[in-house]
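Asker: have a look at this prediction, sequence included:
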Amino acid sequence: MTTSAKSDAALKVWDLPTRLFHWSLVLGVISAFVARKFGDSLLVWHMANGYVILVLLVFRLLWGFWGSTTARFGAFLTGPGAVITCLLKGIRGEHQLFVGHNPAGGWSVVAMLMVLTIQGVTGLFASDDILVKGPLAFLVSDKSVALLSTIHRLSFWALLALIALHVSAVLFYLKQGDNLILPMITGYKSPSNLPAGTTAITLRSNRLALVLLAISAGVVWLGIAFWKW
């Protein structure tokens, strides 16, 4: 375990595992959509992306409990009062500074992770009604496959709505002079975009992240392979 060192220039607020998770998830979702939309008739690449996304989601759940300070759910999930206050201040145009996710953003992250989980899990049982069925579709009835396929398709629209909300929030803060994209690339925030008195962030090791990623991959693989044995 280490702590980020604060300088006159910047403070490290996002660790490497969190940043890699974020951008890997973005690429995975885009790739899954493109594969499904443009010619992946057997859904091979689409399903491969689904497996990767499930691994990433399990990893994020574990990292949310044992990861660095700003990655932990306990650090950014607040009660409704804080969320309402955050939203009202945003509506009034008040510039709010946070080390990591703000109260509203924290819950939007959880909502997106939940919708992606629904997408990933239902995809294991879904069917295109022509050639392909998910790897676990044989465990449930045709009626259940149809229902889960519908949920899989409809939850995609919920995901799009959350993505649009997320992008809108990023643009809103960018207009206020708070660039949220750059820190998710570099890991660092400038002092001008941090609350007064912000201290060093406790960062967990990349080695721990690799162990948790391996565990996540094992959980997903066993969760699918177990039913085929």
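Answerer: Nice, I can see it. Just so you know, these numbers come straight off a predicted model, no measurement behind them.

Asker: what is the least confident helix or strand in the protein?
Answerer: Every helix and strand of the chain was ranked by mean pLDDT, DSSP states H and E. The lowest is strand 2-3, at a mean of 56.

Asker: can you tell me the strand partners of the helix or strand just after it and which way each runs?
Answerer: Counting by DSSP states H and E, the next helix or strand C-terminal to strand 2-3 is strand 11-12. Strand 11-12 has its sheet partners listed here by DSSP bridges as strand 188-189 (antiparallel).

Asker: what strands line up against the helix or strand following the partner strand, and which way round?
Answerer: Next in sequence after strand 188-189, counting helices and strands by DSSP H and E, comes strand 202-203. Each strand paired with strand 202-203, and its direction, by DSSP bridges: strand 2-3 (antiparallel).

Asker: how near is G223 to P183?
Answerer: Noted for G223: a distance of 34 Å to P183, by CB to CB, to the nearest Å. In short, each C-beta sits where N, CA and C put it, glycine included.

Asker: longest helix of this structure?
Answerer: Longest helix in the chain, counting residues (DSSP state H): helix 142-175.

Asker: which secondary structure elements does it sit against?
Answerer: Judged by 3 or more CB pairs under 8 Å, 6 or more residues apart in numbering; DSSP states H and E, helix 142-175 is in contact with helix 103-123.

Asker: other residues contacting the helix it packs on?
Answerer: Identification of contacts with helix 103-123 by CB atoms under 8 Å, 6 or more residues apart in numbering yields 25, 29, 47, 50, 53-54, 57, 60-61, 73, 76-78, 82-83, 85-87, 90, 98, 101, 134, 148-149, 151-152, 155-156, 158-159, 162-163, 165-166, 169.
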